[in-house]
Each structure stands twice: as C-alpha cells, then as structure tokens.
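Novice: Okay, structure incoming, though there's no sequence with it:
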C-alpha cells in the first residue's frame with residue numbers, strides 16, 4: 001500500500017510511429033492526484049484530453065489504441081507499461097501525432113525518460129484492485145486468467161514452431177526494480193514473412209531492425225542478436241502490463257496467460273470490471289470515488305488539460 005505517484009518534472013522524447021512511420025513526439029508532465037494517465041492532443045487548440053481507460057479502447061490490429069474527445073492515439077502499450085511498471089499513477093502525456101513513438105521497440109527508453117524526470121509521492125492514497133475469485137477467458141488455444149494472490153504476479157507462456165522460441169514461460173513478480181531489469185528491455189518481434197506482409201498492406205511502416213526483432217526461418221536477422229534468450233515471452237509480459245493498466249489502477253492478483261495477446265488482455269480488463277463481486281478495493285479514501293475509478297477506469301481529470309508552461 002502506498003500513496004499515489006507522479007513525475008517530478010517534464011520530459012520529452014521523439015521518434016517515429018511503428019505503423020504510421022510518421023514523426024511523433026510525447027511530453028510527459030506531472031499531474032495532480034486522482035488524474036490517472038491522460039493523453040493530451042497537442043494539435044487541438046483547447047488541449048483535448050483522453051484518459052487511459054477500457055471505455056476508450058478501440059479495436060486495432062497489432063497494437064493497443066484509445067479514442068475519444070475527437071482524437072485517437074495508438075501503439076500506447078509500451079509507454080503504458082513503463083508508466084505502470086515504474087509506479088507512475090498520474091501523468092499528462094502530450095502527443096503530437098496519432099501514435100506514440102516506437103523508440104527501440106521496448107519500454108526501456110520510456111523507463112529512462114521517467115527516471116530522468118524523477119518520481120514523487122503525492123498526498124493521496126493509491127487504490128488497488130485485489131482479486132478475490134478467479135476470472136478466466138478462453139478462446140481456442142488462447143487463454144488468460146487472473147486469480148487471487150497476496151502480491152501482483154504474472155506468469156506467461158508462448159508457443160511458436162521456431163527454433164529460437166518453441167515454448168517459453170516466464171514468471172514475473174511485479175515491482176519497479178524487476179520491471180526495469182527483467183521486462184523493460186524486451187523488444188517487439190515479428191517473423192520476416194509477416195513483416196513483409198504488413199508492409200504490403202501499408203502497416204508497420206516505421207518498423208526497422210532498430211526497433212523490431214525480426215526472425216528468419218531459423219534465426220534472428222538483427223546483427224545485435226537478442227537481449228535475453230527468452231526476450232519474446234518477456235515482451236509479451238511487457239504488452240500485458242501496458243494493456244492491464246486500462247483498469248485505471250494497480251491490481252493485486254496472479255495473471256496466468258497462455259498464447260494470449262492484446263485482444264484477450266483487454267477482454268480480461270472488461271471482464272474484471274463487469275464482475276465486481278470477484279474483487280475488492282484496498283487503500284481507497286473515498287468509496288464513491290474508488291467505485292467510479294474501478295468501474296470506468298477513469299479519475300477526475302478535466303475535459304481539457306492544463307498546458308505545459
């Protein structure tokens with residue numbers, strides 16, 4: 001149990017969008033308690049806001065996106081994973097385009113950005129959603145389940161008929177230190193034939209060997225090789241951490257995923273929020289505020305965010 005946290009200062013990074021291939025930048029700014037993570041449209045004269053919430057999630061291919069108040073932002077999962085993994089509860093994210101920069105394909109650049117800004121505690125308790133009974137989603141051979149646990153944990157398994165992957169399982173105990181050292185550096189990956197097919201369809205325009213691990217039939221094309229032998233399953237955990245943050249607050253429970261992905265991750269969030277008999281809220285100052293937060297994944301942010309000074 002802890003107080004809410006935000007950034008100590010404002011920081012900016014720039015890059016290209018993974019799918020659009022267009023230049024884009026984000027600026028992370030401190031936000032008051034009970035704000036949550038809020039994207040701010042820099043192209044709007046009034047600074048229109050879009051809170052990170054399952055109610056704003058829109059179906060997209062190969063990434064996580066939210067839409068509302070006249071704009072959409074996609075490929076947000078790596079940034080959300082970094083914010084969640086490093087314990088940032090409240091932040092404004094000014095974005096100049098419709099996609100978050102891919103950076104090196106992992107969450108590590110965002111972790112370094114957060115560390116350069118600094119993390120400060122605020123004078124408001126941080127609610128936690130504690131799972132009291134299992135919730136599971138099964139879709140063919142894919143499944144994801146959350147069950148009671150005394151601490152937040154994730155166990156993820158993937159299975160690919162590739163000699164470098166085969167079956168990989170990783171057990172992750174959630175903490176800022178563990179996220180930084182075990183998960184954040186894991187990059188997004190794809191198979192050469194799939195990447196070429198995406199390019200042919202006008203997707204993945206910003207994907208390069210500098211931000212994507214590309215697998216050939218029997219190896220990795222990237223000359224730098226892998227950062228971890230099991231980098232693939234670690235990246236799946238990274239994606240899950242970003243997607244589960246659409247809950248709007250940290251969870252206490254054990255997530256077990258097998259062959260899952262963005263679609264099942266966000267369906268799990270929806271199922272959790274529609275089954276309030278299977279969880280309780282801890283550390284909530286105001287029951288009314290906490291219930292609203294847990295149900296909708298939103299806080300009390302204004303429709304228009306204060307602009308950076």
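Specialist: Sure, I can see it. Values in this document were obtained by computation on a predicted structure and should not be read as measured data.

Novice: What sits closest to the residue located most distally from the centre of the chain if chain neighbours are left out?
Specialist: Within the chain, residue 218 marks the point farthest from the mean C-alpha position, 30.0 Å out by C-alpha atoms, centre = their mean. Take residue 218 and drop its neighbours on the chain: the residue closest to it by C-beta to C-beta, 6 or more residues apart in numbering is residue 163, 5.7 Å away. C-beta coordinates here come from the backbone N, C-alpha and C atoms, glycine included.

Novice: give me the number of residues near the one you found?
Specialist: If you count neighbours by other C-beta atoms under 10 Å, residue 163 ends up with 10.

Novice: what residues are up against the residue farthest from the centre of the chain?
Specialist: For residue 218, the contacting residues are 162-164, by C-beta atoms under 8 Å, 6 or more residues apart in numbering.

Novice: Export those as a markdown table, with columns for secondary structure.
Specialist: A markdown table is the format used below for the contacts of residue 218 (DSSP: H, G, I helix; E, B strand; the rest coil):
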| residue | secondary structure |
| --- | --- |
| 162 | coil |
| 163 | coil |
| 164 | coil |
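
Novice: Out of these, which is nearest to residue 1?
Specialist: Set against residue 1, the nearest of the contacts of residue 218 by C-beta to C-beta is residue 164 (41.1 Å).

Novice: Touching, that closest one and residue 221? I think so.
Specialist: No - between residue 164 and residue 221 there is no contact under C-beta atoms under 8 Å: 11.4 Å.

Novice: Now list whatever residues contact both of these two.
Specialist: Common contact partners of residue 164 and residue 221 (C-beta under 8 Å, 6+ apart): residue 215.

Novice: Between the two, point out the one with more neighbours.
Specialist: Neighbours per residue (other C-beta under 10 Å) separate residue 164 from residue 221, with residue 164 holding more: 18 against 12.

Novice: And the more buried one, how far from residue 179?
Specialist: 24 Å (C-beta to C-beta, to the nearest Å).

Novice: give the contact list for residue 144.
Specialist: Shown in contact with residue 144 (C-beta under 8 Å, 6+ apart): 136-137, 255-258, 260, 264-265, 267-268.

Novice: circling back: so the residue farthest from the centre of the chain, which state does it fall into?
Specialist: coil.

Novice: Any figure for the gap between it and residue 230?
Specialist: Distance of residue 218 to residue 230, computed by C-beta to C-beta: 18 Å.

Novice: just residue 247 next, same as before
Specialist: Distance of residue 247 to residue 230, computed by C-beta to C-beta: 26 Å.

Novice: more crowded one of the two?
Specialist: Each of residue 247 and residue 230 has its neighbours counted (other C-beta under 10 Å); residue 247 has more, 22 against 15.

Novice: so what's residue 74 bridging to?
Specialist: Beta-bridge pairing of residue 74 under DSSP bridges involves residue 65, residue 99.

Novice: Count residues in the vicinity of it, would you?
Specialist: Neighbours of residue 74 (other C-beta under 10 Å): 22.

Novice: How about residue 225?
Specialist: Counted with other C-beta under 10 Å, the neighbours of residue 225 add up to 9.

Novice: List the contacts of it.
Specialist: Contact analysis of residue 225 by C-beta under 8 Å, 6+ apart lists nothing.

Novice: pretty sure it belongs to a helix, no?
Specialist: No - applying three-state DSSP, one finds residue 225 to be coil, outside a helix.

Novice: where does it land on pLDDT?
Specialist: Reported pLDDT at residue 225 in the predicted model: 96.

Novice: ok, now residue 203?
Specialist: 76.
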